[in-house]
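3D, please:
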Amino acid sequence: MRAAGTEDRSHPGLIAGILLAAGTASRFGGPKLLEEWRGETLLRRAAGTLSEAGINPLIAVLPGDEKFRGQLAGLAGILLVNPAPERGIGSSIALGMGALPAGAEAVLIAVADQPLLSVDAVRSLVSSFRPGAIVAPRYGQHPGNPRIFDRRFFSELASLTGDRGGQLVADAHPEAVLEVALPEALGRDVDLPSDWAQLEDGPGSEP
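Numbering: from 1, shown residues only. I've put the predicted structure just below:
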């Protein structure tokens, strides 16, 4: 990935992406996105899944630690550093919104701790997008990430602060939300070390 400031922001695109990877992972007790699952770190796996699904450009919002940047070497996209990740997920979304190309029609906002999320699932969300809509996956009985927002919501996303994420915008516009049912397992995330048990394998496992 390349650093912010070197991209051509006039390049039109259908659905750009923001990968949120700057969280402090305080509940996990360490940099969980550098943990490996099936031979890849959570961060590398998430970025690879979105890239393979055709999300372009992909903007990764990272903490300042160079170890995170190194995980994305060789992948297409834009790197941004959130200098104050403790300010919450809203600050990372706002940073990412500021790097979107001018021609973006929509933005997919994803988190990096869903290792079971598949390329096909992301493509299903993309194919469900309609102008003016917010596309949201439903994993069993629960809504989740990633979500796709039409450009009419860009100003609201860019104004987010603190720990308020895209859910806040979706809740404010229920009439615009298109839900896509996906297998419940795909929405599983890793917040605590014990969450590895809900996946097929633990950290460091091979396929």
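
Please count neighbours and contacts with C-alpha atoms only from this point.
Noted.

In this protein, where is pLDDT below threshold?
Confidence mapping of the chain against pLDDT under 70 gives the ranges 1-13, 23-30, 191-197, 200-207.

Just want the most central residue of the chain.
Closest to where the C-alpha atoms of the chain average out (C-alpha atoms, centre = their mean) is Ala110, at 1.7 Å.

Pull the contacting residues for that one.
Taking C-alpha atoms under 8 Å, 6 or more residues apart in numbering, we find Ala110 in contact with 17-20, 145-147.

Repeat that for Leu50.
Per C-alpha under 8 Å, 6+ apart, neighbours of Leu50: 17, 58, 119, 122.

cool, Ser51 as well?
By C-alpha under 8 Å, 6+ apart, Ser51 lies in contact with 58, 75-76.

Looking at these, which is nearest Ala185?
Nearest to Ala185, judged by C-alpha to C-alpha, of the contacts of Ser51 is Leu58 at 24.3 Å.

Next, give phi and psi for that closest one.
Note on Leu58: its backbone torsions stand at phi -100, psi 120 [degrees, to the nearest 10].

burial count for it?
26 (other C-alpha atoms under 10 Å).

re earlier: and the contacts of Ala110 as TSV, adding secondary structure?
Compiled in TSV, the contacts of Ala110 are given as follows (DSSP: H, G, I helix; E, B strand; the rest coil):
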residue	secondary structure
Gly17	strand
Ile18	strand
Leu19	strand
Leu20	strand
Asn145	coil
Pro146	coil
Arg147	strand
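
could these be laid out in JSON lines, adding neighbour count and distance to Ala158?
Below are those laid out as JSON lines (neighbours: other C-alpha atoms under 10 Å; distance: C-alpha to C-alpha, whole Å):
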{"residue": "Gly17", "neighbour count": "29", "distance to Ala158": "14"}
{"residue": "Ile18", "neighbour count": "30", "distance to Ala158": "12"}
{"residue": "Leu19", "neighbour count": "24", "distance to Ala158": "15"}
{"residue": "Leu20", "neighbour count": "24", "distance to Ala158": "14"}
{"residue": "Asn145", "neighbour count": "24", "distance to Ala158": "18"}
{"residue": "Pro146", "neighbour count": "25", "distance to Ala158": "17"}
{"residue": "Arg147", "neighbour count": "25", "distance to Ala158": "15"}
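
Can you tell me which of the residues you listed is nearest Glu184?
Asn145 (11.8 Å).

helix, strand or coil for the closest residue to the closest one other than its chain neighbours?
Nearest residue to Asn145, sequence neighbours excluded (C-alpha to C-alpha, 6 or more residues apart in numbering): Ala110, at 5.9 Å. For Ala110, the assignment made with three-state DSSP gives strand.
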